[in-house]
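> need coordinates for the following:
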Amino acid sequence: MSEDEIGRGAKIEPLRKAIPCPECRRPSQRDHYPFCSNRCRELDLSRWLNGSYAIPVADDEAKADYSDED
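Now for the predicted structure:
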């Protein structure tokens, strides 16, 4: 881009498409991406630290992976 284009207000496109905040669905902010605020970011972090987010494992799947057969 030349200095003339910058001075005339060249259109700058964002690098990624804006998505809503995963916590409150408000538009996300660049400083807190993908969240809208520090509050929403900290709520999500506290859920991770408390173990609220977990991948469920069925008992049958765990037994099938560790069979005693050679």
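
> roughly how far does residue 20 sit from residue 51?
25 Å (CB to CB, to the nearest Å). In short, each C-beta sits where N, CA and C put it, glycine included.

> between those two, which has more neighbouring residues?
Between residue 20 and residue 51, counting by other CB atoms under 10 Å, residue 20 is the more crowded of the two (13 against 7).

> any idea how far that one is from residue 37?
From residue 20 across to residue 37, the span is 13 Å (CB to CB).

> now residue 23
To residue 37, residue 23 is 9 Å away according to CB to CB.

> how about residue 18?
Distance from residue 18 to residue 37, counting by CB to CB: 15 Å.

> same question, residue 56
Taken as CB to CB, the span from residue 56 to residue 37 is 30 Å.

> between these two, which has more neighbouring residues?
Neighbours per residue (other CB under 10 Å) separate residue 56 from residue 37, with residue 37 holding more: 16 against 5.

> now for this structure, the helix or strand with the poorest mean pLDDT.
Every helix and strand of the chain was ranked by mean pLDDT, DSSP states H and E. The lowest is helix 3-7, at a mean of 53.

> following it, which helix or strand shows up next?
Heading C-terminal from helix 3-7, the first helix or strand you meet, by DSSP states H and E, is helix 38-50.

> and that following helix, what other elements does it pack with?
In terms of contacts (3 or more CB pairs under 8 Å, 6 or more residues apart in numbering; DSSP states H and E), helix 38-50 is packed against no helix or strand at all.

> so what touches that helix?
21-24, 32, 35, 53 (CB atoms under 8 Å, 6 or more residues apart in numbering).

> quick one: buried ones out of those?
21, 23, 35 (16 or more other CB atoms under 10 Å).

> ok, and the closest non-adjacent residue to the most centrally placed residue in the chain?
The chain has residue 34 as the residue nearest its centroid, 5.3 Å off, counting by CA atoms, centre = their mean. Leaving aside its sequence neighbours, residue 34 sits nearest to residue 28 (CB to CB, 6 or more residues apart in numbering; 5.0 Å).
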